[in-house]
Structures are given as C-alpha cells and as structure tokens.
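>>> generate a structure from the sequence data that follows.
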Amino acid sequence: MTKKQKIISRVAQIVAAVIMLQTLFFKFSGAPETIFIFETMGLEPAGRYATAIVELIASVLLLIPTTVWLGAGLSLGVISGAIFSHLTKLGIVVMDDGGTLFIMAIVVFICSAVALYLNRHQIPLLPPRES
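Residues are numbered from 1 along each chain as shown. Below is the predicted model:
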C-alpha cells in the first residue's frame, strides 16, 4: 500500500469505528429511538443487544492493524442489514431524525468498503497479488 492509501484506509477505519462506537451507548442504554427501531423490526431486545455486540467487535477489529479486513467485513455485514431495514421497513427518516441514522449507516458502509478494499491483501483466503 502506498502512504496515501494507508492514510485513506486509516481515516476510513477510524470514521467507521467511531460512528459504530458512538451508537453503542444508545443501543445498550435502551434509548427510545433505538427501541422503536428494533421493535419495528420485531427484534427488540435481543436484536438490539446482538447488533451492539457485533458493532463493538467490528469497531475493535477495525482499529487493530492486522484485523482491519475482518472488522471491515463484519461492519459491512451489520451495516448492510441496517441500510436494508431503512429501505424496506423503517424509512430513511426515523422518528424525525432528518435521515441522520440512515446517512451515518451509508458513511459506515462506504468507509468499511474502502478499508476492506485497501486491506484486501490481509485476507488469508486470497492468493497473493502478483506484481
């Protein structure tokens, strides 16, 4: 990876991790909008706690240099579920948030995709790139 790619990756990793970590307080404390979301999806409370735990693990893995690919892949999976939920059942705007939660999900998705792409050489199942 070039120095520029390393910087882009690190910024993407940090942005995705910070957004996911920031939402953990609301999920674990049972904030009304979080409960509304998971009740609407029929997943309250188990889905809320499970999602929070997966996001916590993904965030930590994103911040460890040797596990970026795993954290990025995990966050892509969980955030894809969030985006799908917004598009199919919740709507873009949830409880008059102006679409903030949806926009944050899109940002996490993009940042995770960038981090995964730039760190794809870490994935153990892929053959090494030929130069």
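>>> over the strand or helix carrying residue 84, what's the mean pLDDT, rounded is fine.
Using DSSP states H and E, the element containing residue 84 is helix 68-85. Model confidence over helix 68-85 averages 97 on the pLDDT scale.
>>> next secondary structure after that helix?
Proceeding N to C from helix 68-85, the next assigned helix or strand is helix 100-118, under DSSP H and E.
>>> show me the shaky parts of the chain.
The chain contains residues with pLDDT under 70 at 126-128, 131.
>>> so what's the most centrally placed residue in it up against?
The centroid of the chain falls nearest to residue 75 when counting by C-alpha atoms, centre = their mean (3.7 Å). Residues near residue 75 by C-beta atoms under 8 Å, 6 or more residues apart in numbering: 16, 20, 55, 58, 59, 62, 108, 112. No exception for glycine: its C-beta is placed from N, CA and C like everyone else's.
>>> now the helix or strand containing the fourth one: buried residues?
Okay, so that is residue 58. Using DSSP H and E, residue 58 falls within helix 46-63. Buried residues in helix 46-63, counted by 16 or more other C-beta atoms under 10 Å: 47-48, 51-52, 54-59, 61-63.
>>> mind picking the two most distant members of these?
Largest separation among those by C-beta to C-beta: 47 and 63, giving 24.8 Å.
>>> determine the longest helix present in the protein.
Longest helix of the chain, by residue count under DSSP state H: helix 3-29.
>>> same list, the contacts of residue 75, but as TSV with distance to residue 41 please.
Below are the contacts of residue 75 laid out as TSV (distance: C-beta to C-beta, whole Å):
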residue	distance to residue 41
16	22
20	18
55	15
58	19
59	21
62	24
108	18
112	21
